[in-house]
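**Student:** Fold the following for me, if possible:
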Amino acid sequence: MAEHPPLLDTTQILSSDISLLSAPIVSADGTQQVILVQVNPGEAFTIRREDGQFQCITGPAQVPMMSPNGSVPPIYVPPGYAPQVIEDNGVRRVVVVPQAPEFHPGGHTVIHRSPHPPLPGFIPVPTMMPPPPRHMYSPVTGAGDMATQYMPQYQSSQVYGDVDGHSTHGRSNFRDERSSKTYERLQKKLKDRQGTQKDKMNSPPSSPQKCPSPINEHNGLVKGQNASGVNTGSAKNKSGKVKGGAQVDTEIEEKDEETKAFEALLSNIIKPVASDIQARTVVLTWSPPSSFINGETDEATVPEPYSYEILVSSTGKDGKYKSLYVVQAESNSIKGTPSEAESFTTLSCEPDVPNPPRIANRTKNSLTLQWKGKGNGEFCQCYMGLQKQFKITKLSPAMGCKFRLSAKNDYGTSGFSEEVLYYTSGCAPSMPASPVLAKAGVTWLSLQWSKPSGTPSDEGISYILEMEEETSGYGFKPKYDGEDLAYTVKNLRRSTKYKFKVIAYNSEGKSNPSEVVEFTTCPDKPGVPVKPSVKGKIHSHSFKITWDPPKDNGGAPINKYVVEMAEGSNGNKWDMIYSGATREHLCDRLNPGCYYRLRVYCISDGGQRPPLADGGSPISYYGVEMSSPEKDEPREVYQGSELECTVSGLLPGKMYSFRLRAANKMGFGPFSEKCDITTAPGPPDQCKPPQVTCRSATCAQVNWEIPLSNGTDVTEYRLEWGGVEGSMQICYCGPGLSYELKGLLPATTYYCRVQALSVVGAGPFSEVVACVTPPSVPAIVTCLQEISDDDIENLHYSPSTSLAISWEKPCDHGSEILAYSIDFGDKQPLTVGKITSYVIDNLQPDTTYRIRIQALNSLGAGPFSHMIKLKTKPLPPDPPRLECVAFNHQNLKLKWGEGTPKTLSTDSIQYHLQMEDKNGRFVSLYRGPCHTYKVQRLTESTSYKFCIQACNEAGEGPFSQEYIFTTPKSLPAALKAPKIEKLNDHICEITWECLQPMKGDPVIYSLQVMMGKDSDFKQIYKGPDSSFRYSSLQLNCEYRFRVCAIRQCQDPMGHQDLVGPYSTTVLFISQRTEPPASTNRDTVESTRTRRTLSDEQCAAVILVLFAFFSILIAFIIQYFVIK
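**Tutor:** Numbers count the residues shown, from 1 in each chain. Reported below is the predicted structural model:
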């Protein structure tokens, strides 16, 4: 966008190149008239009153001026303007209008009306205004002149022209006469430039001109001027020639004029017209910028085509929304000012489809839904209203419901949203009944249970069956987890008691366990009794046998034994000869010399084990074969004649299968059935090394796998974590297979290991795994504090505008700290280097700042430190005025400031008084809060230099100027009372002490006398003598004499007498002298000089008497009244 035209500067008005309109305009009759000075909007009219003060009047205004003879006062106008006097109905108005360009060729650029609204008038302070030219305010003589001078000023935002108050964009819809003429001149100049543009490139530079160069304005600041207001642009030199850049400046001015003219034409666009206004659409139409001005049309000035920009502004209040469209023309990257605003209101319509509702809360029998939308809302079926959430009640637990939502207003109902399905929350199952035993075996128990009461038939419930072996000591362990209502527990011990309980659970939680029930497995068949033996002697027809019980009774007591006998060595016919509980039997009724074989087996509640057949040959040894699940091929683990063996090297909690076979001299017999035996459980195996994943610089995820449980489930895991490999601490205990560690330090090495535990014990720890967290942003800055003023070595530090802070370097977290960012308020944060202290400058005095700091590295900014509140101190006070309030020849009492003589030491302002010594250096006399100080032990008639400064918590202020105070000359000392000696009845001689000359000044004496009842002393002698004879005594008359010393000073300024204090008054009564014969004591005393008490002595006597009587009265009151 083109720059604004150069604006008129107020300094040009006060320059020496201003023309003076000095010819007065006198009315025809020459009588006194009122002259109105018209001040346009945005202009300022400055006058200078008779007292020399300036008064500024801002426009729009009409300033009435009284003219004693009808003349117009001199008015000073800037170059390019002229005053114009308009007379309307006998009233004269002075209007400042631009001159035609031919009066000042090339002096100024043409100034267009600014498209922006005028800024408020600038009222200059009298002390800021530059001094006017001497000829400008010189006294004007003549009958038509006025004492008051006038000088119009113009604001920089608008030079002339009226402002249309109805335009929202500061553009008027019409041009007055002056602007129209200026526009016509511009069009003419543009046409001339289009025809002569090539010739101007080779034309010689223009002649030197006296007017100052144009200036530009940017962001409200005037360019091309220095601080003193003097134009620093291209100006004439001493020889009157223009510098080499004058031609370029002229061309730039001409280009700016073309651009501004083009911009002015683009700005001549009318406001758009809105039609076919709907709820969400509107049709806008407008016309191209018109070049028709004042009846003339210029078709060649502005090229085609145009591009247009529509500016939209939408504001609303209280639910009513309006749209504002503005059209702005643009061509060749030059934009005109926007047109006037066209306002309209769109129609109303139904609301948009709202978003699906979301669930806000749910309980066992309710759902709370919430949604967002504009305008009114409506629920179908279950709710209709203005709220944006609704609670549906009286639902069943774990019940699913579908919802959809629509919105409605006065214009209709929107479509439905997407369907959503939400479930009410259920409840945990109630406590189930205890399981019951369906059937029991030697190594198994078959159990059944039922659903908890009150459970819906369609609700999915799972069950956990837990079992505890009475003698194991491992507690309850889960044996089944599923939805079935029956389960058979296998691999149990024979004839052993087991405890069972059932727990029901669903998605909402677990129920309480059922009551514990106890079931016992069935006993097994008893083993084979020991081989029977003969007891006693074998007879021809009988013998007695006995046997031992079996080593394994099968878990139940033996009920009876059965003895069978076969005749012959190879006989296979076995006949039962005994059945009973005893373990011996008498075999009788036998045949002599025959061979008999016997065998015994037993019967218990577990059944009976049939007698073993040895194959006709005694069993010599046994073989035991074992097979494990890991190995398919069995292996022999024992071979011998013993009836038991111990197999070692087995794994805990594993099931092994055993089978047995016997051998005699004929070889091995067949294997027995397999016997499955489970070893006792053991601690879990060693876990594999855990896997560590660093999610961030301060968070790590540790995962591990389930190890071999060795017959019992792993109940928990222990995770140890630490920064040192040898001193890790347990950070997690629980059944989970992962754990997230937070609050770690970035760029730090950590070590971890995991261990599995069961009811049997703890397994070994896994191998140690090391991990390194990634680097991160720096840590928080600590120890942020203020540096005291005494510790600051910066010479440019000012406690009123600066704050000094320090901090400790935080941990860099693996990435070097590059800088620090200091935040101290609304301003942009301050970035400093790798330092730990800083002085914040350019602050406001006596202001509180909230300061915090953060460290920066290549990864970003760390967290801010804690915030501290620091306050800058006020500016140091200015020095007070020093004055001398009391003085004598040795003392000077100085006073400064406003305050009581006695000031508390806690006052914020302290004062420092200094005096110049003999060497010309100022030394400190006083430092404190008082406002007075008495300088003592000074020399008379001597000048002393003093200076003072004020100090407060902000620091020491500047020293004042030097004050010089001079001590006066000292007065002579008071003389002692004179001595009077009577010479005769009419003559007496008065003598007094004599003083030495004072620093070369002679001393004379003044003797005064007061006779009788006179009230005034009369001087009877003045001179250098120390005695005087007074010869005018009268008999029986009182005389009072006093004397003083007078110092006669011989100063260069003239003679001066310094009168000292008078001595004590001496009373003398003259009496007739008696004959010499009468020399008694009374006569002598009558002639002796009588002295009266002085005023001080009288006061002392009165004070003593008053004190005595006071004590006496107090004693009387104490003794007689109180007691």
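**Student:** Look up which helix or strand Ala1100 falls in, please.
**Tutor:** Using DSSP states H and E, Ala1100 sits within helix 1095-1116.
**Student:** Now do the same for that helix: mean pLDDT, whole number.
**Tutor:** The pLDDT scores in helix 1095-1116 average 88.
**Student:** swap in stretch 793-810?
**Tutor:** Here stretch 793-810 scores 86 as its mean pLDDT.
**Student:** gap between the two ends of that stretch?
**Tutor:** By Cα to Cα, to the nearest Å, the extent of stretch 793-810 from end to end equals 24 Å.
**Student:** what's the answer for stretch 869-877, then?
**Tutor:** Termini of stretch 869-877 sit 24 Å apart (Cα to Cα).
**Student:** Helices of this structure, residue ranges please.
**Tutor:** Using DSSP state H, the helices found in the chain span residues 10-13, 177-201, 246-266, 1081-1087, 1095-1116.
**Student:** hey, least reliable of those by pLDDT?
**Tutor:** helix 10-13 (a mean of 36).
**Student:** any low-confidence regions in the stretch 501-650 of the chain?
**Tutor:** Low-confidence segments of the stretch 501-650 of the chain (pLDDT under 70): 571, 612-616.
**Student:** at 80 what do you get?
**Tutor:** 507-508, 569-572, 609-618, 629-632 (pLDDT under 80).
**Student:** For Val563, which non-adjacent residue is spatially closest?
**Tutor:** Nearest residue to Val563, sequence neighbours excluded (Cβ to Cβ, 6 or more residues apart in numbering): Tyr578, at 3.9 Å. C-beta here means a position set from N, CA and C on the backbone, and glycine is covered the same way.
**Student:** my bad, should have said Cys687
**Tutor:** The shortest distance from Cys687 to any non-neighbouring residue, by Cβ to Cβ, 6+ apart, is to Ser766 (4.2 Å).
**Student:** contact partners of stretch 841-851?
**Tutor:** Under the contact criterion Cβ atoms under 8 Å, 6 or more residues apart in numbering, stretch 841-851 has outside partners 784, 796, 800-803, 805, 822-825, 840, 867-875, 954.
**Student:** same check, this time on stretch 393-403
**Tutor:** 357, 364-367, 369, 392, 419-427, 459, 507-508.
**Student:** burial count for Thr656?
**Tutor:** Heads up, residue 656 is Tyr, not Thr. 19 (other Cβ atoms under 10 Å).
**Student:** correct me, but it touches Ser628?
**Tutor:** Yes. Counting by Cβ atoms under 8 Å, Ser628 is a contact partner of Tyr656 at 5.4 Å.
**Student:** do you know how far the residue nearest to Glu898 when sequence neighbours are not counted is from Val528?
**Tutor:** In space, and not counting its chain neighbours, Glu898 is closest to His931: 7.5 Å by Cβ to Cβ, 6+ apart. According to Cβ to Cβ, to the nearest Å, His931 stands 128 Å off from Val528.
**Student:** Likewise for Ile1122?
**Tutor:** Ile1122 is 130 Å from Val528, by Cβ to Cβ.
**Student:** of these two, who's got more company?
**Tutor:** In this view Ile1122 and Val528 are compared by other Cβ under 10 Å, and Val528 has more residues nearby, 17 against 6.
**Student:** Please report phi then psi for that one.
**Tutor:** Phi and psi for Val528, reported as degrees, to the nearest 10, are phi -90, psi 130.
**Student:** which residues sit in contact with it?
**Tutor:** Pro550, Tyr601, Arg609, Pro611, Leu612.
**Student:** shouldn't Cys884 be in contact with Thr932?
**Tutor:** No. Using Cβ under 8 Å, Cys884 and Thr932 do not qualify as a contacting pair, with a distance of 10.6 Å.
**Student:** Find residues that contact each of these two.
**Tutor:** Common contacts of Cys884 and Thr932 (Cβ under 8 Å, 6+ apart): Lys893, Leu894, Lys895.
**Student:** dump the residue contacts of the residue nearest to Val563.
**Tutor:** By Cβ under 8 Å, 6+ apart, Tyr578 lies in contact with Tyr561, Val562, Val563, His585.
**Student:** wait, the first one sits on Leu598?
**Tutor:** No. Taking Cβ under 8 Å as the definition, Tyr561 is not a contact partner of Leu598, at 11.9 Å.
**Student:** Same drill for these two, tell me which one is more crowded.
**Tutor:** Comparing Tyr561 with Leu598 by other Cβ under 10 Å, the one with more neighbours is Tyr561, at 23 against 20.
**Student:** distance of the more buried one from Ile603?
**Tutor:** 8 Å.
**Student:** ok, now Gly1023?
**Tutor:** 173 Å.
**Student:** Which one of the two is surrounded by more residues?
**Tutor:** Ile603 (16 against 11).
**Student:** what sits opposite that one in the beta ladder?
**Tutor:** Beta-bridge partners recorded for Ile603 (DSSP bridges): Lys560, Gln608.
**Student:** surely it meets Ile558?
**Tutor:** Yes. Contact criterion Cβ under 8 Å: Ile603 and Ile558 qualify, at 7.3 Å.
**Student:** shared neighbours of the two, which are they?
**Tutor:** The contact sets of Ile603 and Ile558 overlap at Pro526 (Cβ under 8 Å, 6+ apart).
**Student:** ok, longest strand in this structure?
**Tutor:** strand 1037-1051 (DSSP state E).
**Student:** and that strand, how far from the chain's centre?
**Tutor:** Distance of strand 1037-1051 from its chain centroid, counting by Cα atoms, centre = their mean, to the nearest Å, is 82 Å.
**Student:** Let me see the mean pLDDT of it.
**Tutor:** Mean pLDDT, computed over strand 1037-1051, is 88.
**Student:** Partner strands of that strand, with direction?
**Tutor:** strand 1003-1011 (antiparallel), strand 1054-1059 (antiparallel), strand 1066-1070 (antiparallel).
**Student:** worst-scoring helix or strand of this protein, pLDDT-wise?
**Tutor:** Scoring the helices and strands of the chain by mean pLDDT, DSSP states H and E places strand 221-222 at the bottom, with a mean of 33.
**Student:** sorry, back to before: with Phe476 as the reference, name the closest of the strands paired with strand 1037-1051.
**Tutor:** Taking Cβ to Cβ, strand 1054-1059 is the member of these nearest to Phe476, at 123.2 Å.
**Student:** before we move on, the earlier item: could you identify which of the contacts of Val528 has the most neighbours?
**Tutor:** Neighbour max across the contacts of Val528 (other Cβ under 10 Å) = Pro550, 21 neighbours.
**Student:** Please look at it and Lys531 and confirm they touch.
**Tutor:** No. Counting by Cβ under 8 Å, Pro550 stays clear of Lys531, with 11.2 Å between them.
**Student:** Could I get the full set of strands for the stretch 451-600 of the chain?
**Tutor:** Assigned by DSSP state E, counting those that start in this stretch, the stretch 451-600 of the chain shows strands spanning 462-469, 477-482, 486-489, 497-506, 509-510, 517-520, 533-535, 543-546, 558-567, 575-580, 584-587, 596-604.
**Student:** Quick check: buried residues in the first one?
**Tutor:** Translated: strand 462-469. Tyr463, Ile464, Leu465, Glu466, Met467, Glu468, Glu469 (16 or more other Cβ atoms under 10 Å).
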